[in-house]
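*Asks:* test case, fold it:
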Amino acid sequence: MSSKKNVAIIGAGLTGITIANLIKKRINFTIFEKSRGLGGRMATRRAEPYQFNHGAQYFKVENKGFKDFLNPLIKNKIIKNLELNHVEILNKEIIKKFKINSKKYFTAQSKMNDVVKSLAKNNFSIKLSCKIVQIKKLNNKWFIFDSDIVSYGPYDWLFLTIPPNQVIDILNKDFKFIDIIKKIKMNSCYSIMLGFDETKKLNFDTALCLDQDIRWLSLNKEYQDNKEYFNLIINSSYNFAEQNINNSKIEISDYLIKQASDVLCCKLDNYKYKAIHFWKYAMSQKSNNLGSLLDENLKIIVCGDWCMNGRVEGAFLSARDSVSKILKYI
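*Replies:* Below you'll find the predicted structure:
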């Protein structure tokens, strides 16, 4: 029996961590992540007593394989079925309202990044705050280099689970599907996080704004020491983010807060905490349904939610597809 292959997985979002779970018995691997924590867009910002799931706030599960994969998280109460009041707003008026209470929708029991953290086993080799910027092949083995020019390797295979623009920056130009990747377009988004000790009572938990520079509003409550704290997330529209990508974050946050105040008909200047995050690669502009992209000659696999529908389930489906493709080579 041949020895296990050595593999580098670049990116510790749901795609990368799913790959590690699905193939851990067949390979030796190390996961590299440029951020300080796991999760990618399944992100949580903590600023006690406030807490913001400022990336994905909930997700839909339609695929049975994904549901089976998540069952341990359901049993261990890491995730739960979603229940919330949702509205759609046009011309600053609520035009539609409904309650989401479906067994297909899930959210985190508390922090969204707990979903990915719970899937990262204790024996996983993970290097955080390690941005991979270059790859080189020597003697048919891959070596990768971080932003400090520290090298890692040798590896037999590379999994790239990062956004397409970042893939292009480090990928070998001879990669079989490079032209496909170059055609993928990603939308950007600004997320404003506001923490309040008190706020106006709203008759919804989430709101989709159909005609504003703000696109999404989400309000939730946290209880600490018998006191309520309110966490409001304001997401910009994709068009606004694209048009203001180089503008001052202070001006952007002030503008979006004012617009949210107008839409909600209440002042939002009594916040106790404020932060802004720019999601440069928030969502693919369209569903791509690529599964994953494997170059058997270079021994590189590219995958991620953007290879599918850009959503959380898409991250799992792309990871599963990549693992099914590599099995005959390892």
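*Asks:* could you check how far residue 164 is from residue 177?
*Replies:* Residue 164 sits at a distance of 11 Å from residue 177 (criterion: CB to CB, to the nearest Å). All C-beta spots, glycine's among them, are computed from the backbone N, C-alpha and C.
*Asks:* how about residue 97?
*Replies:* From residue 97 across to residue 177, the span is 44 Å (CB to CB).
*Asks:* give me the most central residue, this protein.
*Replies:* Closest residue to the average C-alpha location of the chain: residue 41 at 1.9 Å, with CA atoms, centre = their mean.
*Asks:* residues near residue 185, how many?
*Replies:* For residue 185, the neighbour count with other CB atoms under 10 Å is 11.
*Asks:* next: residue 287.
*Replies:* 13.
*Asks:* still on that earlier bit, and what about the residue nearest to the centre of the chain, helix, strand or coil?
*Replies:* With DSSP: H, G, I helix; E, B strand; the rest coil as the basis, residue 41 sits in coil.
*Asks:* tell me who's in contact with it.
*Replies:* 13, 55, 56, 279, 282, 305 (CB atoms under 8 Å, 6 or more residues apart in numbering).
*Asks:* hang on, the third one packs against residue 42?
*Replies:* It stands for residue 56. Yes: using CB atoms under 8 Å, residue 56 is in contact with residue 42, at 5.2 Å.
*Asks:* tell me which of those two has more neighbours.
*Replies:* Between residue 56 and residue 42, residue 42 has the larger neighbour count (other CB under 10 Å), namely 24 against 21.
*Asks:* where along the stretch 1-150 of the chain do the strands fall?
*Replies:* Remark: strands assigned in the stretch 1-150 of the chain by DSSP state E, counting those that start in this stretch are 5-10, 27-32, 45-47, 50-52, 59-60, 79-90, 93-108, 126-127, 132-138, 141-146.
*Asks:* what's the first one in contact with?
*Replies:* Counting by CB under 8 Å, 6+ apart, strand 5-10 makes contact with 16, 19-20, 23, 26-32, 132, 142, 144, 152-162, 330, all of which sit outside it.
*Asks:* partner strands of it, parallel or antiparallel?
*Replies:* strand 27-32 (parallel), strand 157-160 (parallel) (DSSP bridges).
*Asks:* what residues of the first one count as buried?
*Replies:* By 16 or more other CB atoms under 10 Å, the buried positions in strand 27-32 come out as 27, 29, 30, 31, 32.
*Asks:* then stretch 97-108?
*Replies:* Applying a neighbour-count criterion of 16+ other CB under 10 Å, one finds 100, 105, 106, 107, 108 buried in stretch 97-108.
*Asks:* could you dump that stretch to CSV, C-alpha only?
*Replies:* Extracted in CSV, the C-alpha atoms of stretch 97-108 (Å, rounded to 0.1, in the frame of the first residue of the first chain):
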residue,chain,number,x,y,z
LYS,A,97,-43.6,40.3,5.5
PHE,A,98,-43.3,36.6,6.4
LYS,A,99,-42.0,34.3,9.1
ILE,A,100,-39.1,32.0,8.2
ASN,A,101,-39.6,28.8,10.1
SER,A,102,-38.5,26.0,7.9
LYS,A,103,-36.5,22.8,8.6
LYS,A,104,-34.4,23.7,5.5
TYR,A,105,-32.9,26.8,7.1
PHE,A,106,-30.3,26.8,9.8
THR,A,107,-28.3,29.3,11.8
ALA,A,108,-25.7,29.1,14.5
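*Asks:* going forward, the N-terminal residue is numbered 36.
*Replies:* Will do, 36 is the new start, and the previous item becomes stretch 132-143.
*Asks:* state the mean pLDDT of it.
*Replies:* The average pLDDT for stretch 132-143 rounds to 92.
*Asks:* cool, stretch 102-118 as well?
*Replies:* The model assigns stretch 102-118 a mean pLDDT of 96.
*Asks:* do stretch 229-247 as well
*Replies:* Here the average pLDDT along stretch 229-247 is 91.
*Asks:* buried stuff in it?
*Replies:* 229, 230, 231, 234, 239, 240, 241, 242, 243, 244, 247.
*Asks:* specify which member of those is nearest to residue 345.
*Replies:* residue 243 (16.6 Å; CB to CB).
*Asks:* which residue is the nearest non-sequential neighbour of that closest one?
*Replies:* residue 123 (4.9 Å; CB to CB, 6 or more residues apart in numbering).
*Asks:* where's the one you found relative to residue 314, distance?
*Replies:* Distance from residue 123 to residue 314, counting by CB to CB: 22 Å.
*Asks:* neighbour count winner among the two?
*Replies:* In this view residue 123 and residue 314 are compared by other CB under 10 Å, and residue 314 has more residues nearby, 20 against 16.
*Asks:* in the sheet, who's paired with the more buried one?
*Replies:* residue 224.
*Asks:* isn't it up against residue 223?
*Replies:* Yes: with contact defined as CB under 8 Å, residue 314 reaches residue 223; the gap is 6.2 Å.
*Asks:* what number of residues lie near the nearest residue to residue 153 once chain neighbours are set aside?
*Replies:* Sequence neighbours aside, residue 113 is the residue nearest to residue 153 in space, at 4.8 Å (criterion: CB to CB, 6+ apart). Residue 113: 20 surrounding residues under other CB under 10 Å.
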